[in-house]
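Asks: heads up, no residue letters with this:
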């Protein structure tokens, strides 16, 4: 099966480029609500499953021990832009476990937010690990290790308690056997596992609905997603897709992007889990896909659907600021 075209990029009156992809919406019982493309193909969900990776932090009691509220929990599920508020909070979370920037194992990069990046360069700053877009997640990992009483050094390694805990949770939620044969290394140096796209969607549907989850895991899943929806800026940042999507329908959409064109989401009120991948790995394609898909799922709410449709159809401008085309959902998502 060839994946369908789900996004078109126009120039003038012509379609100049097309993005193919696969997308699936499932409910907690495992029934398919919508399916497009090769949804049984395994994909690396990358950062889109950070809320799954944060479940052990809540389930073990580590989040409560270190007083993690909604902002802190949202940051542990984030791929933030490295804005000052993100970096400060990541440091504060680790500090509650008695640790600091040098204990992180995610590596360094400059801020994704242009204004912050310019300010960093002008000030002669050097990026540190708190500015890594995954530092919130890693701060949560450090808290989990300290709460469990294990050595936090090497917490990103495959066999460490932290990663073994995450692997067990993800295998349970997705019903996928996870091991070295379907394992890769993510950008922040922790293991990442390929799983069929439809099983990832089902895992998120279970988190949204609580279906076949024990009471503690269902409670932890609700707590994490509620925190992200309550504090969407801490999940991504200024002008970022996850933040904007959750702000369009507060408390009704949980959305999280991942590298290489992946997006996962839930609609808590419907108990739906969503997973998609833009086949070529592009961000612009994945963002148009998730916006168009969500607009269809909110068809019974004209106001929200219209906002989502408008958000997913973006102007393409040249360097003079002249609109020369559009990036828009196409095919089954048009």
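Replies: Yep, it's here. Note that the coordinates shown come from a computational prediction; the quantities given were computed from them, not determined experimentally.
Asks: which residues are in contact with the lowest-mean-pLDDT helix or strand in the chain?
Replies: Lowest on mean pLDDT, DSSP states H and E among the helices and strands of the chain sits helix 114-122, with a mean of 92. The contact list for helix 114-122 (CB atoms under 8 Å, 6 or more residues apart in numbering) reads 81, 82, 83, 84, 110, 111, 127. No exception for glycine: its C-beta is placed from N, CA and C like everyone else's.
Asks: hmm, 7 Å instead?
Replies: Contact partners of helix 114-122, identified using CB atoms under 7 Å, 6 or more residues apart in numbering, comprise 82, 83, 84, 110, 111.
Asks: and what of stretch 277-291?
Replies: Under CB under 7 Å, 6+ apart, the answer for stretch 277-291 is 3, 6-7, 19-23, 43, 197, 241, 255, 257, 260-263, 265, 276, 308, 311-312, 327-329, 333.
Asks: Name the nearest of the contacts of helix 114-122 relative to residue 55.
Replies: Taking CB to CB as the measure, residue 55 lies nearest residue 82 of the contacts of helix 114-122, at 24.8 Å.
Asks: all strands for this protein, in order.
Replies: With DSSP state E as the criterion, the chain has strands at 5-11, 14-27, 32-36, 42-43, 183-185, 191-193, 195-196, 254-258, 262-267, 272-278, 314-317, 323-329.
Asks: hey, which of these is tucked in deepest?
Replies: Among these, the stretch with the highest mean neighbour count (mean count of other CB atoms under 10 Å) is strand 272-278, at a mean of 28.
Asks: what lines up beside that strand in the sheet?
Replies: Paired neighbours of strand 272-278 in the sheet (DSSP bridges): strand 14-27 (antiparallel), strand 262-267 (antiparallel).
Asks: can you list those in CSV and add mean pLDDT and distance to residue 60?
Replies: Formatted as CSV, the strands paired with strand 272-278 follow (pLDDT from 0 to 100; distance: least, CB to CB, whole Å):
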stretch, mean pLDDT, distance to residue 60
strand 14-27, 98, 28
strand 262-267, 98, 23
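Asks: Those into CSV, with extra columns for distance to residue 203?
Replies: Output for these, formatted as CSV (distance: least, CB to CB, whole Å):
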stretch, distance to residue 203
strand 14-27, 9
strand 262-267, 9
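Asks: Of all those, which one is nearest residue 72?
Replies: strand 262-267 (20.5 Å).
Asks: Excluding its own residues, what touches the closest one? List them.
Replies: Under the contact criterion CB under 7 Å, 6+ apart, strand 262-267 has outside partners 43, 45-46, 48-49, 200, 204, 207-208, 225, 252-257, 272-277, 286, 289-290, 294, 297.
Asks: give me that answer again for 8 Å
Replies: Against strand 262-267 from outside (CB under 8 Å, 6+ apart): 43-49, 200-201, 204-205, 207-208, 225, 245, 252-258, 272-278, 286-287, 289-290, 294, 297.
Asks: try stretch 308-319
Replies: The contact list for stretch 308-319, computed with CB under 8 Å, 6+ apart, reads 9-11, 244-245, 248-249, 284, 287-292, 294-295, 298, 323-329.
Asks: quick one: contacts for residue 107?
Replies: 129, 132, 188, 189.
Asks: And it, how far from residue 228?
Replies: 24 Å (CB to CB, to the nearest Å).
Asks: Residue 300 too?
Replies: Distance from residue 300 to residue 228, by CB to CB: 24 Å.
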